[in-house]
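*Asks:* can you look at this prediction? I've put the sequence above it.
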Amino acid sequence: MSTTAAVGTAPVRAPKLKTSAMIASFADPGQKTAPAPFGHALAAAAEADPRIVGLTADLGKYTDMHVFAEAHPDRFFQMGMAEQLLFGAAAGMAEAGLVPFASTYSVFAARRAYDFICLDIAEPNLNVNIVGGLPGLTTGYGPSHQATEDMAIFRGMPNLTIVDPCDSVDIEQAVPQLAASEGPTYLRLLRGKVPTVLDEYGYTFELGKAKVLRGGRDVVFVSSGLMTMRALAAAKALEKHKVDVAVVHTPTIKPFDEETVLAELAGDRLAVTLENHTVVGGLFETVAGALVRSGQSRRVVPIGLPDEFLDAGALPTLHEKYGLSVDRIVAKVLAELG
């Protein structure tokens, strides 16, 4: 596609998008962050558990696995650009008694290696921990790298635990629990300089548990992943509009903590789900299914990505366009409240 457009007789060159903008952190300016929390947590967990090994499919630096590789070079395995081999090898290591963490981009795990994960890892219920980078809309590189449907793909796989962390606190506390849990897990990785948010809420990560981060009379947000960070920011912004918002963080998507979430959804507060994922097959439909099974009848407003392939571009622009920004969340809630 041409990068020029004719205006009269003089060609005008369209501005080039900088690569840094395409892979920029989703942290807000000045926000507290922690560098490579997954890599550091895995390296620390390996000090306590000699069974832990790390593997990657040529994406060590881009999944923070390089931190583990530097700390434990004899327990790190570079498998090259071969995701099916990556997970097949991880399965073999688990069969031999090791606890592998295998990292790649979420799109490659969910789309390219699904059958290998399903039959080699999930069916025998092996303790293989799948680490997926760039989940949802955390990159501007377009549909080839945006794993907008990874949870939808993986939710139907028996035995697989799915974790969608909010921040560095979630990741640091989740890693040793994933290593200790039986069966396979899938972690939606946030990498690089990851925001630190949940430390201000007296929060601790518990695998399989949702946590109420704040109460509220008017609205209840049920959120996962980086959208819990946005939910908390939107709740504060809505205070200026005299709207009191509760926030329930659900880092474990499967198995889902229906008891905690359904208790918060009882009553007549406006209910909103927020997820960095398509509204098809993710948190929204998990919550909706739980409501139907429990016999509750109520409306839930989904905030998430549309059921379409997304554009490429700078992350702040894309988050605004697709409704994940704090401003768009606030506007949506105010419109619903009328």
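*Replies:* Everything's here; your move. This is a predicted model, so every value here is computed, not measured.
*Asks:* mind jotting down where the helices sit in the stretch 201-338 of the chain?
*Replies:* 226-239, 258-265, 283-294, 315-321, 326-337 (DSSP state H, counting those that start in this stretch).
*Asks:* pick the most deeply packed of these.
*Replies:* Comparing those by mean neighbour count (mean count of other C-beta atoms under 10 Å), helix 226-239 comes out on top with a mean of 23. Just so you know, the C-beta spots here come from the backbone N, C-alpha and C atoms, and that holds for glycine as well.
*Asks:* for the stretch 101-250 of the chain, give me the ranges with low pLDDT.
*Replies:* Scanning the stretch 101-250 of the chain for pLDDT under 70 picks out no residues.
*Asks:* and the strands in it?
*Replies:* 129-133, 161-163, 185-188, 193-195, 211-214, 219-223, 245-249 (DSSP state E, counting those that start in this stretch).
*Asks:* skipping adjacent residues, who's closest to Leu126 in space?
*Replies:* Spatial nearest neighbour of Leu126, excluding adjacent residues (C-beta to C-beta, 6 or more residues apart in numbering): Ala94 at 3.9 Å.
*Asks:* which strands or helices does the longest strand along the chain pack on?
*Replies:* Scanning the chain for the longest strand, with DSSP state E as the assignment, gives strand 270-278. Here strand 270-278 touches helix 150-155, strand 219-223, helix 226-239, helix 283-294, strand 301-305, helix 326-337, going by 3 or more C-beta pairs under 8 Å, 6 or more residues apart in numbering; DSSP states H and E.
*Asks:* can I get the ones you listed in JSON lines with distance to Ala46?
*Replies:* Conversion of those to JSON lines gives the following (distance: least, C-beta to C-beta, whole Å):
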{"stretch": "helix 150-155", "distance to Ala46": "25"}
{"stretch": "strand 219-223", "distance to Ala46": "31"}
{"stretch": "helix 226-239", "distance to Ala46": "26"}
{"stretch": "helix 283-294", "distance to Ala46": "31"}
{"stretch": "strand 301-305", "distance to Ala46": "35"}
{"stretch": "helix 326-337", "distance to Ala46": "37"}
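*Asks:* coming back round to it: now the strands of the stretch 101-250 of the chain as a markdown table including distance to Pro143 and mean neighbour count?
*Replies:* Shown next, in a markdown table, are the strands of the stretch 101-250 of the chain (distance: least, C-beta to C-beta, whole Å; neighbours: other C-beta atoms under 10 Å):
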| stretch | distance to Pro143 | mean neighbour count |
| --- | --- | --- |
| strand 129-133 | 16 | 27 |
| strand 161-163 | 21 | 24 |
| strand 185-188 | 17 | 28 |
| strand 193-195 | 24 | 21 |
| strand 211-214 | 32 | 18 |
| strand 219-223 | 24 | 26 |
| strand 245-249 | 28 | 25 |
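*Asks:* okay, the ones you listed in a markdown table with distance to Thr204 next?
*Replies:* As requested, those are exported to a markdown table (distance: least, C-beta to C-beta, whole Å):
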| stretch | distance to Thr204 |
| --- | --- |
| strand 129-133 | 20 |
| strand 161-163 | 14 |
| strand 185-188 | 17 |
| strand 193-195 | 17 |
| strand 211-214 | 8 |
| strand 219-223 | 17 |
| strand 245-249 | 11 |
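*Asks:* per the annotation, how does the chain divide into domains?
*Replies:* Following automatic domain parsing, the chain resolves into domains at 36-195, 208-337.
*Asks:* between the two ends of the first one, how far is it?
*Replies:* By that I understand domain 36-195. 10 Å (C-alpha to C-alpha, to the nearest Å).
*Asks:* ok, Pro50 - contacts?
*Replies:* Shown in contact with Pro50 (C-beta atoms under 8 Å, 6 or more residues apart in numbering): no residues.
*Asks:* how far away is Ala57 from Leu85?
*Replies:* Plainly put, Ala57 is 8 Å away from Leu85 if you go by C-beta to C-beta, to the nearest Å.
*Asks:* rewinding a little: between the helices and strands packed on strand 270-278, which one is nearest to Asp268?
*Replies:* Closest to Asp268 of the helices and strands packed on strand 270-278 is strand 219-223 (C-beta to C-beta; 10.4 Å).
*Asks:* run the angle between the closest one and helix 283-294 for me.
*Replies:* 110 degrees (axes from the mean of the first three to the mean of the last three C-alpha atoms, to 10 degrees).
*Asks:* circling back: would a markdown table of the domains of the chain with distance to Phe26 be doable?
*Replies:* A markdown table is the format used below for the domains of the chain (distance: least, C-beta to C-beta, whole Å):
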| stretch | distance to Phe26 |
| --- | --- |
| domain 36-195 | 6 |
| domain 208-337 | 6 |
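*Asks:* of those, flag the one that's most buried.
*Replies:* Of the domains of the chain, domain 36-195 is the most buried (mean count of other C-beta under 10 Å), at a mean of 21.
*Asks:* related to what we said a few turns ago, could you dump the helices of the stretch 201-338 of the chain to a markdown table with distance to Thr185?
*Replies:* Shown next, in a markdown table, are the helices of the stretch 201-338 of the chain (distance: least, C-beta to C-beta, whole Å):
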| stretch | distance to Thr185 |
| --- | --- |
| helix 226-239 | 19 |
| helix 258-265 | 19 |
| helix 283-294 | 17 |
| helix 315-321 | 26 |
| helix 326-337 | 29 |
